[in-house]
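Student: Show me how the following folds:
(2 chains)
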Amino acid sequence: MKVRILVRLKPGVLDPQGRAVHHSLDSLGFDGVDDVRIGRMIEMDVADGTSDDALTKMCEQLLANMVIEDFAIEKLNSEAEPA
Amino acid sequence: MPFRGAVITFPGSNCDRDMAVALEAVSGQPAIRVWHGDADLPGELDFIALPGGFSYGDYLRSGAMAAKSPVLRAVIAAAERGVPVLGVCNGFQVLTESGLLPGALMRNAGQTFVCRTVELEVANTSSLFTNGFAAGERLQVPVAHHDGNYFADAATLDRLEGEDRVAFRYGDNPNGSLRDIAGVLSANGRVMGMMPHPERAIEPAAHASMGGSDGRRVFENVIQSLVAA
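Tutor: Next up, the predicted model:
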């Protein structure tokens, strides 16, 4: 089973990287960008039947830092995944 | 009993030797070197230091992998028994990632790696790390980090301040740390994390930019407190 984890800074936590990238987009002339926030995507291949509880614990214990980050778990249909 | 201080080395640590030299210079005893894969610590330790560097290449987040390494379970157990633990720079990041200290160290607000000597203001004077300082005393200690921007939610910051757990503040904040926090203490005052490098400032040098000796006093405080205890 393929699983995609999205780790994002919590709302309200300052994102210096996002701010710098926003500035660069502005300087390239792209108008209308109101905000940029940068997160991390982690793709995992896990045994079929891995429980939601186990996935949540992986996120809480290692993949995300719960002080500053939120996470979302997305299970992917591996056959539908492009190579 | 002679002082027994240990320095933990992770793959990617690069201030472990400096930390050992500082401990040895101040205590007069050899520093015990511990490798990250060791599941057990040597017995009867008086003190544990987590050094600076880029443990595990700072993969995932600074300090995140080291915080889950076998030796950290032993360090956490030792800290719970009251063994004093000092984490400097990457060591501070490991302490927050492991949950021994609250908060997190985020990318510097200015995005750039900061490497220079900064002024610190002593905030806490009661812990074994800081009890030889005067409140408000100013120290010169080097910083060298990319992820030193201390963050915690407002309630945690209020609690840290209310419980006198801010050890040091920056004079001129180099990284965007909330409330200028440069170092924090655990609830029992026996675990301290700080981004500046006291082990790089243990002897007066020919040139002022080479660090000075203010950092030495952190180690003197620890060792004198432990010898007196």
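Student: what about residue B:149, neighbour count?
Tutor: Residues near residue B:149, counting by other Cβ atoms under 10 Å in any protein chain shown, number 24. The C-beta positions use only the backbone N, C-alpha and C, and glycine is treated the same way.
Student: for residue A:30, that is, sorry about that
Tutor: A count of nearby residues for residue A:30, using other Cβ under 10 Å, gives 10.
Student: Does residue B:152 touch residue B:106 like I think?
Tutor: No: the pair residue B:152 and residue B:106 fails to qualify as a contact (Cβ atoms under 8 Å) at a distance of 10.5 Å.
Student: out of those two, which sits in the more crowded spot?
Tutor: Using other Cβ under 10 Å, the more surrounded residue of residue B:152 and residue B:106 is residue B:106, with 26 against 21.
Student: Quick one: residues contacting the more buried one.
Tutor: With contact taken as Cβ atoms under 8 Å, 6 or more residues apart in numbering or on different chains, residue B:106 is in contact with A:13, A:14, A:16, A:68, B:147, B:149, B:150, B:151, B:176.
Student: Where does the first one sit, in terms of helix or strand?
Tutor: For residue A:13, there is no helix or strand it lies in under DSSP states H and E.
Student: For burial, what's the neighbour tally of the residue nearest to it when sequence neighbours are not counted?
Tutor: Counting by Cβ to Cβ, 6 or more residues apart in numbering or on different chains, residue A:13 lies nearest to residue A:68, which is 5.2 Å off, once chain neighbours are set aside. Look at residue A:68: counted by other Cβ under 10 Å, it has 22 neighbours.
Student: export the contacts of residue B:106 to a markdown table and tack on secondary structure and distance to residue B:220?
Tutor: Output for the contacts of residue B:106, formatted as a markdown table (DSSP: H, G, I helix; E, B strand; the rest coil; distance: Cβ to Cβ, whole Å):
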| residue | secondary structure | distance to residue B:220 |
| --- | --- | --- |
| A:13 | coil | 37 |
| A:14 | coil | 37 |
| A:16 | helix | 36 |
| A:68 | coil | 35 |
| B:147 | coil | 29 |
| B:149 | strand | 29 |
| B:150 | strand | 25 |
| B:151 | strand | 31 |
| B:176 | coil | 31 |
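Student: shaky segments in chain A?
Tutor: By pLDDT under 70, the weakly predicted segments of chain A are A:78-83.
Student: I figured residue B:113 hits residue B:148, correct?
Tutor: No: between residue B:113 and residue B:148 there is no contact under Cβ under 8 Å: 9.6 Å.
Student: higher neighbour count, those two?
Tutor: Neighbour comparison, residue B:113 and residue B:148: the larger count goes to residue B:148, with 28 against 13 (by other Cβ under 10 Å).
Student: didn't that one look like it was pressed against residue B:114?
Tutor: Yes: counting by Cβ under 8 Å, residue B:148 does reach residue B:114; the two are 7.0 Å apart.
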